[in-house]
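Enquirer: Generate a structure from the sequence data that follows.
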Amino acid sequence: MKIKILTLLILTPLFIFSQLRSGDVLIETNYGFVGGKGLWGTIAKEAGVPVSFFGPATLRVQYMSSDKLGVGVDINYSSRSLSGNTGTYIDENGFTQNFSYDLTQNVIRFMFRSSLEFVNNEKLQINWANSVGYRASPWTFTVTDNSNATEDDLSYDFGSWPLAFRTAIGLRYMLTDAIGINIEIIGLSGGSLMNGGVSIKL
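Expert: Predicted coordinates:
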């Protein structure tokens with residue numbers, strides 16, 4: 001009997017639900033499952049070129065400055081790449097040519113975020129979040145001459161627009177007082193259209 005009471009006392013706090021309150025801290029991770037491919041998705045579709053995608057994978061930290069407003073940071077990472085080969089052919093001078101190519105873009109966004117929790121009850125929170133910050137997303141294009149071992153690879157780096165911003169409508173469902181799941185049902189720019197993951201309330 002004592003063991004059952006002790007177990008109940010230990011487990012009960014995990015299943016007591018509470019609203020977000022001023023001073024709470026949320027740590028959230030999620031992964032994009034719709035959108036986030038941008039120009040690369042068009043390349044893959046129109047050109048029929050196989051493209052590898054990762055992300056966007058996101059880490060967010062949010063501090064509740066009041067019961068309705070949260071502020072924090074939103075950091076996300078994504079990677080896109082394609083590679084191919086021209087095949088072997090004879091050029092106009094009669095030389096055998098063969099080139100392989102690789103195009104890669106790694107995107108890191110660091111954004112400051114505010115979140116209006118306009119629905120905030122014991123299990124469900126619905127929010128409108130806006131973020132703005134810095135975007136590092138260089139492109140690297142490498143060409144390798146496979147027909148001439150003495151030739152060096154040609155590599156080019158291109159910069160891109162450094163401003164990152166995002167607006168999104170999301171919801172959070174708390175499975176316990178401390179652990180929940182989150183999903184952004186629609187997000188514009190700064191990541192994927194839809195993403196989902198885990199929320200931890202400290």
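Enquirer: From here on, just use CA atoms for contacts and neighbour counts.
Expert: Will do.
Enquirer: Check the most centrally placed residue in the chain and give its pLDDT.
Expert: In the chain, the residue lying closest to the centroid (C-alpha atoms, centre = their mean) is residue 56, at 2.4 Å. On pLDDT, residue 56 comes in at 91.
Enquirer: and it, what element?
Expert: Here residue 56, judged by DSSP states H and E, is contained in strand 51-64.
Enquirer: same deal with residue 28?
Expert: strand 25-34.
Enquirer: quick one: contacts of that strand?
Expert: 55-64, 182-183, 191-202 (C-alpha atoms under 8 Å, 6 or more residues apart in numbering).
Enquirer: Could you list the low-pLDDT ranges of the protein?
Expert: 1-18, 35-49, 149-157 (pLDDT under 70).
Enquirer: Now do the helices in it.
Expert: Remark: helices assigned in the chain by DSSP state H are 2-11, 39-47.
Enquirer: so where's the longest strand in this protein?
Expert: For the chain, the strand with the greatest residue count under DSSP state E is strand 99-120.
Enquirer: in it, what counts as buried?
Expert: Of all the residues in strand 99-120, those buried under the rule 16 or more other C-alpha atoms under 10 Å are 99, 101, 103-105, 107-117, 120.
Enquirer: Over to stretch 130-147?
Expert: The neighbour-count check on stretch 130-147 (16+ other C-alpha under 10 Å) flags 130-141, 143-146 as buried.
Enquirer: Give me the subset of those that lies in strands.
Expert: 130-136, 139-141, 143-145.
Enquirer: ok, so of those residues, who is nearest residue 169?
Expert: Among these, residue 130 lies closest to residue 169 (C-alpha to C-alpha), at 9.1 Å.
Enquirer: The closest one bridge partners, please.
Expert: Residue 130 has these beta-bridge partners by DSSP bridges: residue 114, residue 167.
Enquirer: Looks like it contacts residue 115 (just checking).
Expert: Yes: if you go by C-alpha atoms under 8 Å, residue 130 and residue 115 touch, sitting 6.5 Å apart.
Enquirer: Please report how far the residue nearest to residue 200 when sequence neighbours are not counted lies from residue 187.
Expert: Closest residue in space to residue 200, ignoring its immediate chain neighbours: residue 179 at 4.8 Å, by C-alpha to C-alpha, 6 or more residues apart in numbering. Remark: distance between residue 179 and residue 187 (C-alpha to C-alpha, to the nearest Å) = 23 Å.
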